[in-house]
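1. I would like the atomic coordinates for the input below:
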Amino acid sequence: MPDIAYVNGRFGPLAEAVVSIEDRGFQFGDGVYEVIRTYRGQPFAIDEHLSRLARSAQALQLSPGHTKAEWNSLIQEGLRLSRLPETKIYLQITRGQAPRDHPFPPSLAPTIVMTFRELHPLEASVRKAGVQAITVDDIRWGRCDIKSVNLLANVLARQRAKEAGVFEAILHREGMVTEGSVSNVMVVRNGAIQTAPEGHRILSGVTRAFVLELAKKEGLPVAETFVSRDDLLSASEVFLTGTTVEVLPVVRVDGSAIGSGVPGPVSQLLSRRWETLVS
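-> Here you go, the predicted model:
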């Protein structure tokens, strides 16, 4: 049973999964989500992802839906049923189904959705060559640390990148780089890795945290600080981190070469360390 879904206690084919048109996730974007991937069939960093899901739910005063143990059990059951070689697991909690009205309805049961789709990793040739990006104004709301299903600004930025024929849109607000539309952004300047600090302006990525720890273990200087768009363009290296992109070098931004225009030594080192970590 490839590409399956779980909706409120039941597994079945993804094509047959439905929720009510009065679900508040559909009507208001009143929900949160997580994306987990597998390596060799096992979910990676599941505790970290479930912890972030719980934090996002708490920030919106949402029920967490399940305990961590219950989530783990359901995820394992979904993997068993789907039998995919590698899987992208999507988890979503919304406030539930109710007549459309802005305030929270009382005593509402959350809607719990999961999907299990085959994961297609980036080609090795793409990682070896690096990717291109553009910069885009960050027009998202003020709580980017909540992994909300309200993703319209990200969608618009990602569409801009697609129309420009590049991989990612790097967001900036008031001249300072925040993150990518689907990734965190790291910059290498004067031998140090710089990346936007945790807080309301970014979603603190699970992969981001692992990569920063890998860098520190290698003795690389790390500074969680905002950098300007000019600093981004003049950096010796730029790379992205994320659940599906892993560690991905960026070799051109807004048409200008980053460093020598090829993946640099820091991103290549951290990419190798990442492969060791997940192998």
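
2. CA only for contacts and neighbour counts going forward, please
-> Will do.

3. now the residue lying closest to residue 3 once chain neighbours are set aside: how far from residue 41?
-> Closest residue in space to residue 3, ignoring its immediate chain neighbours: residue 117 at 4.6 Å, by Cα to Cα, 6 or more residues apart in numbering. Remark: distance between residue 117 and residue 41 (Cα to Cα, to the nearest Å) = 12 Å.

4. same thing with residue 113?
-> In terms of Cα to Cα, residue 113 sits 21 Å off from residue 41.

5. wait, residue 237 sits on residue 267?
-> Yes. Here residue 237 reaches residue 267: they are 7.5 Å apart, a contact under Cα atoms under 8 Å.

6. so what sits against both of these two?
-> Taking Cα atoms under 8 Å, 6 or more residues apart in numbering as the criterion, residue 237 and residue 267 both touch residue 249.

7. When those two are compared, which one has more neighbours?
-> A count of neighbours by other Cα atoms under 10 Å puts residue 237 above the other of residue 237 and residue 267, at 29 against 24.

8. can you pull up the bridge partners for the more buried one?
-> Note on residue 237: beta-bridge partners residue 188, judged by DSSP bridges.

9. contacting residues for it?
-> Counted by Cα under 8 Å, 6+ apart, residue 237 has contacts 187-189, 249-251, 258-259, 263-264, 266-267.

10. quick one: which of the residues you listed is nearest residue 8?
-> Using Cα to Cα, residue 249 comes nearest to residue 8 of these, at 39.4 Å.

11. in which helix or strand would I find that closest one?
-> Assessed by DSSP states H and E, residue 249 sits inside strand 246-253.

12. next one: residue 49
-> helix 46-59.

13. how about that helix as CSV, C-alpha atoms only?
-> What follows is helix 46-59 as a C-alpha-only set of coordinates in CSV (Å, rounded to 0.1, in the frame of the first residue of the first chain):
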residue,chain,number,x,y,z
ILE,A,46,11.9,11.7,15.6
ASP,A,47,12.1,12.9,19.2
GLU,A,48,13.3,16.4,18.1
HIS,A,49,10.5,16.6,15.5
LEU,A,50,7.8,15.6,17.9
SER,A,51,9.1,18.0,20.5
ARG,A,52,8.9,20.8,18.0
LEU,A,53,5.4,19.7,17.0
ALA,A,54,4.3,19.9,20.6
ARG,A,55,5.9,23.3,21.0
SER,A,56,4.1,24.6,17.9
ALA,A,57,0.8,23.2,19.1
GLN,A,58,1.2,24.7,22.6
ALA,A,59,1.9,28.1,21.1
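
14. Quick check: what element follows that helix along the chain?
-> helix 68-82.

15. who are the neighbours of that next one, in terms of helices and strands?
-> strand 4-7, helix 46-59, strand 111-118 (3 or more Cα pairs under 8 Å, 6 or more residues apart in numbering; DSSP states H and E).

16. List of residues touching the helix or strand encompassing residue 194?
-> Using DSSP H and E, residue 194 sits in strand 192-195. Residues outside strand 192-195 that contact it (Cα under 8 Å, 6+ apart) are 185-188, 220-227.

17. go on, stretch 254-262?
-> Contacts of stretch 254-262 (Cα under 8 Å, 6+ apart): 129-130, 132-135, 233-238, 250-252.

18. cool, stretch 136-147 as well?
-> Here stretch 136-147 has contacts from 32-34, 53, 55-56, 59, 153-154, 157, 169-173, 178, 198-204, using Cα under 8 Å, 6+ apart.

19. Now list the buried members of those residues.
-> Buried residues within the contacts of stretch 136-147, counting neighbours by 16 or more other Cα atoms under 10 Å: 32-34, 53, 55-56, 154, 157, 169-173, 178, 201-204.
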